[in-house]
Each structure stands twice: as C-alpha cells, then as structure tokens.
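test case, fold it:
(one chain, ligands or ions: 1)
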Amino acid sequence: MSVLLNKVAIITGASSGIGHASAQLFAAQGARLVVGARRQAELDRLVAQIGQAGGEAVALAGDVQDEAYAQALVELATERFGGLDVAFNNAGSLGPMGPTPEVALAAWNEALSTNLSSAFLGAKYQIPAMLKRGGGSLIFTSSFVGYSVGFPGLAAYAASKAGLIGLTQALAAELGPKGIRVNALLPGGTDTPMGRAFANTPESLAYIQNLYALKRLARAEEIAQSALYLAGAASSFTTGSALFVDGGVS
Ligand code: NDP
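Prediction:
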C-alpha cells in the first residue's frame, strides 16, 4: 500500500542524511516531492534516483534562513503538483560547538536562524497552502539534544531544538481545528554526516552510543520511517507530540 499516494510533500535537508532517506521513502510511498537544501548537485542526484525508481520529485536549492526560499518551495509545490499536504522541515546544522563564553553572537544567531526560525518561515508559507487542501501534516526535526540530555558546548543547537518543541505545541493548538497536524520528531544520534561530525572521535562515538539502550546510532532510514508515520494517515490522531526515535536514551 502507498502511504502517501497523491500527497504532495516538501522535504528540506534532502541533500543528505535523514532528509535524503525520507525523500526516497516518501517518493516510494507515492508522494510527489519538492526537495530542498543548499547543494544543488546533491539534490539533482536525488531527483534522478527518485525518477529512476518510478517516483516524482523536483528540487529547489536555497538556504532555509531565507524567507523568499520558504515561499518559493511552496509555490513550486503548488505550481508543479497542485498544492501541499505534508512538510517535513528537517534541515539543520550543529552550529557553534564549544564553551559558551567563546560563542559569537553571530554564530548563535545563525544556529537559531537555521534550526528554529527556518521552521517558522517554512510553516508561515506552508500553512496557507495546506488550508487550501483542508488540512495537512507539518513535521519539524527536533532532537533528543535540548530535551532529554544536555551536552556541554552545544547550547545554541540545544536551544534551537528545544524551541522547535514549543513551536510544535503552539502550532498544533492553532491549527488542529483547521485539520493540520503538527508534530516534532526527536531522533537520537543518527549515522549521517552531522551525526559523525558530533561523534568525531572513537571515544565520543562510544560515549554517544552508550547513551542509548540500543547501544548504536540510528540509520537515517529508521528515522525516515518515523517521519513517514507522522506524515501519513497512520498518525491521524497525533498532533502536538514529540516523537522520540532515540534508541532509548537513558
Ligand atoms: P546531515 O548533515 O546529513 O543533513 C543536514 C541537511 O540540512 C543537509 O541536507 C543540509 O543540506 C541541510 N541544511 C543545513 N543547513 C542548511 C541551510 N542553511 N539551508 C538549507 N539546508 C540546510 O544531517 P542529518 O540528516 O543528521 O540532520 C537532519 C536533521 O536531523 C537536522 O535538523 C538535525 O539537527 C537533526 N538531528 C540529527 C541527529 C543526528 O545525530 N544526526 C540527531 C537529532 C536530530 P546542504 O548542506 O546541502 O544545505
């Protein structure tokens, strides 16, 4: 069964990791996709892969900090595919790592802008398009960092990811009566370029893996399955939730 048959979805952060795996999965489940990230060549490769597998996707490269880009993604979904049903606002970056007194305000602001304000900007343009369809599913990629565990030297990242949970709850209350569900996905450490940048020594990898009951990093495909759940009708009574997909953080 195709879980997202006839659905139109935007996925940001699709050039790599969780977003890339989700794009392949959503397309295989029948969604028509607009995929975004800054790296055009990676997006072009993804679109070609999806096409070869019988799916449908178009790419638009840009920076999620840019309001015009948020608007353009929605316009492309509407022009090319007739509307918007699902938005997986997944792009993110680690931001400044290190002792907080050494973090420049500009680096802090950029992390908040990339991880949190981008979600607001995405939602700002995605919501009106979903309302035209009578509903939809908004998903934000938060993290176990900022909710379950505090890591030294990751203040901006943690604050931005915690902020996404507040955004999720407020939007769920605002949009539930209008048929739009809004949920946050909280992956644990995942084997992607970002996950590997964080766990960048054998010691830090062992430390991170040991945090989880399952004693390993997630695969991007495992997180994608949870995004698919939140996107589709299987989660029709789930909104305002924080879905932990973290291997059992202890
Ligand atoms: P990757 O580094 O593999 O992917 C990050 C994606 O975000 C890339 O596609 C990147 O594309 C895109 N991106 C980053 N900054 C911008 C920007 N300014 N504008 C547009 N796109 C941008 O990491 P993951 O797949 O692991 O990360 C996906 C999400 O999951 C992130 O929000 C991350 O915080 C979250 N997460 C990851 C965890 C992990 O352990 N890996 C754990 C918990 C949450 P490009 O460089 O082409 O712009």
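
give me the secondary structure label for V58.
strand (DSSP: H, G, I helix; E, B strand; the rest coil).

for G36, see how far away it is.
Note on V58: its distance to G36, by Cβ to Cβ, to the nearest Å, is 10 Å. Yep, even glycine has a C-beta here, placed from its N, CA and C like the rest.

now the residue lying farthest from the centre of the chain: how far from N115?
Distance from the C-alpha centroid of the chain, by Cα atoms, centre = their mean, peaks at P101 (29.2 Å). P101 sits 21 Å away from N115, going by Cβ to Cβ.

same check, this time on P99
Taking Cβ to Cβ, one finds P99 at 20 Å from N115.

contact residues of this protein facing the ligand?
In this structure, the chain approaches the ligand at residues 12-19, 37-39, 42, 63-65, 90-93, 114, 141, 143, 187, 189-190, 192-195, judged by Cβ under 6 Å from any ligand atom.

hang on, the earlier thing: would you say the residue farthest from the centre of the chain is within a strand?
No - secondary structure of P101, determined by three-state DSSP: helix, with no strand assignment.

contacts only, for it.
Listed by Cβ atoms under 8 Å, 6 or more residues apart in numbering, P101 has no contact partners.

returning to that earlier point: just the residues of the chain next to the ligand: which are in strands?
Among the residues of the chain next to the ligand, DSSP state E puts 12, 37, 141, 187 in strands.

including pLDDT and neighbour count, could those residues go into CSV?
What follows is these, written out as CSV (pLDDT from 0 to 100; neighbours: other Cβ atoms under 10 Å):
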residue, pLDDT, neighbour count
T12, 99, 26
A37, 98, 25
T141, 98, 25
P187, 98, 27
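
so how far is A159 from the closest residue to G17 other than its chain neighbours?
Counting by Cβ to Cβ, 6 or more residues apart in numbering, T192 is the residue found nearest to G17 once chain neighbours are left out, at 3.0 Å. Distance, T192 to A159, by Cβ to Cβ: 21 Å.

so these two - more neighbours on which side?
T192 (22 against 16; other Cβ atoms under 10 Å).
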